[in-house]
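Peer 1: any chance you could fold what I've pasted below:
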Amino acid sequence: MGHSEEFEKIKEWYESGAWSIKWVRNAVKKGRITAEEFEEITGEPYEG
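Peer 2: Down below sits the predicted model:
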């Protein structure tokens, strides 16, 4: 199974410091990425 359409962009933004972990969490709430992808990007468990 592939990643969500916006996964790579959000991952890049988070890793560059342009996005905070809070913004990545909001992306899950808005359905832009999955909880599993949140964990892959941040290394933290997703707790909505």
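
Peer 1: what's the closest non-adjacent residue to residue 6?
Peer 2: residue 32 (4.9 Å; CB to CB, 6 or more residues apart in numbering). Heads up, the C-betas are built off the backbone N, CA and C, glycines and all.

Peer 1: tell me the secondary structure at the one you found.
Peer 2: Counting by DSSP: H, G, I helix; E, B strand; the rest coil, the backbone at residue 32 sits in coil.

Peer 1: quick check: it touching residue 9?
Peer 2: No. Using CB atoms under 8 Å, residue 32 is not in contact with residue 9, being 9.2 Å away.

Peer 1: pLDDT weak spots in the chain?
Peer 2: Along the chain, the parts satisfying pLDDT under 70 run over 1.

Peer 1: so what's the residue count around residue 10?
Peer 2: 22 (other CB atoms under 10 Å).

Peer 1: can you classify it as helix, strand or coil?
Peer 2: helix.

Peer 1: show me what contacts it?
Peer 2: 19, 24, 27, 32-33, 37, 41 (CB atoms under 8 Å, 6 or more residues apart in numbering).

Peer 1: do residue 9 as well
Peer 2: No contacts exist for residue 9 under CB under 8 Å, 6+ apart.

Peer 1: follow-up on the earlier one: and the residue nearest to residue 6, how far from residue 46?
Peer 2: Using CB to CB, to the nearest Å, residue 32 is found at 13 Å from residue 46.

Peer 1: tell me how far residue 20 lies from residue 10.
Peer 2: 12 Å.

Peer 1: next one: residue 37
Peer 2: 8 Å.

Peer 1: same check, this time on residue 3
Peer 2: For residue 3, the distance to residue 10 - CB to CB - is 10 Å.
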